[in-house]
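**Student:** Turn this into a structure:
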Amino acid sequence: MPGFLRRRWQLAQIKRLVALAYGHVPAYRTLWRATGIEPERIRTFFDFATLPVTDKQFFRKHREEEIVHDSFSPGGYYFMETSGSTGEPFRFPRSTSHYLQRRFRHAKAFDFGMLRFLFWRGFSRHEIFDMKLAEIRINPRRGAPYCLYLPTADMRNDPAGVLRALREFEPDVLNSRPTVLVELARLAERLPREERPRLRFVLSHGEELMPSQREYIRDVFGCDMHEFYGLTEVGAIGGDCEVHHGLHLFEETCFVEVVDAEGRPLPAGEFGRVVVTHFYNHALPFIRYDTGDSGVILDEPCPCGLRARRLIVRGRLGGFFTIGGKRFNYSEFQMILSGFSTIVLRYQFAKVSKEAVELRIIPAPAYSAEEALRLRQAFRDTLGIEPVVKVVDNIPYTDGGKTRFIVDETAR
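**Tutor:** Next up is the predicted model:
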């Protein structure tokens, strides 16, 4: 979609959504009235940027009747809950029916991010609907001849059975979290190549995909590897192309901004907080909603030819350690480790005493003792601390298939 049409479409959706939220969601009406904001005054993107940024804490402090669209009957929405991997789970209402579900009601069980990806790759509608999907997830959906859903728990309880099921089903697309996909690839690597599952694409979501993980999974399964970015609250926000430099935003369903600490939009190329406005959950519209991630928008054309803007996500802003009386944000650790992402498949920072932190690593093939020394030096030079680097064979993950990247073992 050309840029001027995209912006016209998004502004029309924003105006509609702001009017809906003001008229029917008491929490928004109270918030905006307190700051003198009325829907009629939101005429431009500049006007829209005056709306306060919202977050989980804002919605948690309100009663259910204050955050649910007041004309919805109980059958018009249901409650979902985030995994809580970065803190307390967040429970929120979701519409039982919305535009995209009606528009793509024949789209089998593919989610809409996956559909966009396959369309972008040049597959026709008929080709897509002939494909088979496998997904490893915490709550498997009901299966169908073209879909295989495996519970994450099976990766612990019966990993050989997961590989066997994938080999027998022969899916075109496998979708799961990076943590689960890495562990699956580590299992498959022990098998002869002809006994591994045959896949056309592997898709990841729910966590940042590191370059070492992409290369490792691609090498083990011999197929393309792509990353999606989204939230449980709003669904898919973007996905990468074959260039693998940034995530193309799904701009027909959401409006993404990168803002400073005060909620003011930053120009393309500057890092800040990622906030999103989603157009289609009318039970509880998420308007200028803080994702908890930091990132940067790339406005220049992508070599792949897609016109959608790209977003580079640099990880969560939350999570703190106090080491030796100094307070460190997890994002500081993450930024240093990003410079060594080619040598690490999975990692976890563990505070093991008041003065010490341990960096546990499942190594990538490029890992070496020399690289570990360089990594410790980088932490010493940048933060003044020197974590103990410990190579391990296993790092526990949550029931939802996510790695807890920071743990405080002194709090036990």
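
**Student:** Low-confidence ranges, the stretch 1-150 of the chain, go.
**Tutor:** Applying pLDDT under 70 to the stretch 1-150 of the chain flags the ranges 1, 83-87, 97-112, 140-144.

**Student:** try it again with 50
**Tutor:** 99-108 (pLDDT under 50).

**Student:** Please, where are all the strands along it?
**Tutor:** Taking DSSP state E, counting those that start in this stretch, the strands of the stretch 1-150 of the chain run over residues 77-81, 91-95, 133-137, 147-151.

**Student:** Would you give the sheet partners of the first one, along with the direction of each?
**Tutor:** So the one you mean is strand 77-81. strand 91-95 (antiparallel) (DSSP bridges).

**Student:** now what about the strand it pairs with, what contacts it?
**Tutor:** With contacts defined as Cβ atoms under 8 Å, 6 or more residues apart in numbering, strand 91-95 is touched by 59, 64, 67-68, 72, 76-82, 233, 280-284. For glycine as for every other residue, the C-beta is placed from the backbone atoms N, C-alpha and C.

**Student:** Ok, stretch 17-24 next?
**Tutor:** 28-29, 32, 38-39, 42, 48, 51, 69-71, 277, 279, 282, 285, 287.

**Student:** Show me what counts as buried in it.
**Tutor:** 17-18, 20-22, 24 (16 or more other Cβ atoms under 10 Å).

**Student:** Closest to residue 209 out of those?
**Tutor:** residue 17 (30.4 Å; Cβ to Cβ).

**Student:** mind checking how far that closest one is from residue 126?
**Tutor:** 34 Å (Cβ to Cβ, to the nearest Å).

**Student:** Next, count neighbours for the closest residue to residue 94 other than its chain neighbours.
**Tutor:** Excluding the flanking residues, the one nearest residue 94 by Cβ to Cβ, 6 or more residues apart in numbering is residue 80, at 5.2 Å. By other Cβ atoms under 10 Å, the residues close to residue 80 number 14.

**Student:** ok, residue 80 touching residue 235?
**Tutor:** No. Residue 80 lies out of contact with residue 235 (Cβ atoms under 8 Å); the separation is 10.6 Å.

**Student:** list the residues that contact both of those two?
**Tutor:** Contacts common to residue 80 and residue 235, judged by Cβ under 8 Å, 6+ apart, are absent.

**Student:** what separates stretch 154-173 from the chain centre, distance-wise?
**Tutor:** On the basis of Cα atoms, centre = their mean, to the nearest Å, stretch 154-173 sits 24 Å off its chain's mean C-alpha point.

**Student:** and it, average pLDDT?
**Tutor:** If you average the pLDDT over stretch 154-173, you get 94.

**Student:** Buried subset of the contacts of stretch 17-24 as a ChimeraX selection?
**Tutor:** Buried subset of the contacts of stretch 17-24, written as a ChimeraX selection, criterion 16+ other Cβ under 10 Å:
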select :28,29,32,39,42,48,51,69,277,279,282,285,287
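
**Student:** out of the contacts of stretch 17-24, which one sits closest to residue 12?
**Tutor:** The closest of these, once distances to residue 12 are taken by Cβ to Cβ, is residue 279, at 9.8 Å.

**Student:** which non-adjacent residue is nearest that closest one?
**Tutor:** residue 13 (4.5 Å).

**Student:** Equivalent analysis for residue 322, please.
**Tutor:** residue 328 is the one closest to residue 322 (Cβ to Cβ, 6+ apart), at 7.6 Å.

**Student:** So the one you found: helix, strand or coil?
**Tutor:** strand (DSSP: H, G, I helix; E, B strand; the rest coil).

**Student:** Can you report how many residues neighbour it?
**Tutor:** 20.

**Student:** Who are the contact partners of it?
**Tutor:** 320-322, 383, 385.

**Student:** PyMOL command to pick out the buried ones of those?
**Tutor:** In PyMOL, this line selects whichever of the contacts of residue 328 come out buried by 16+ other Cβ under 10 Å:
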select buried, resi 321+383+385
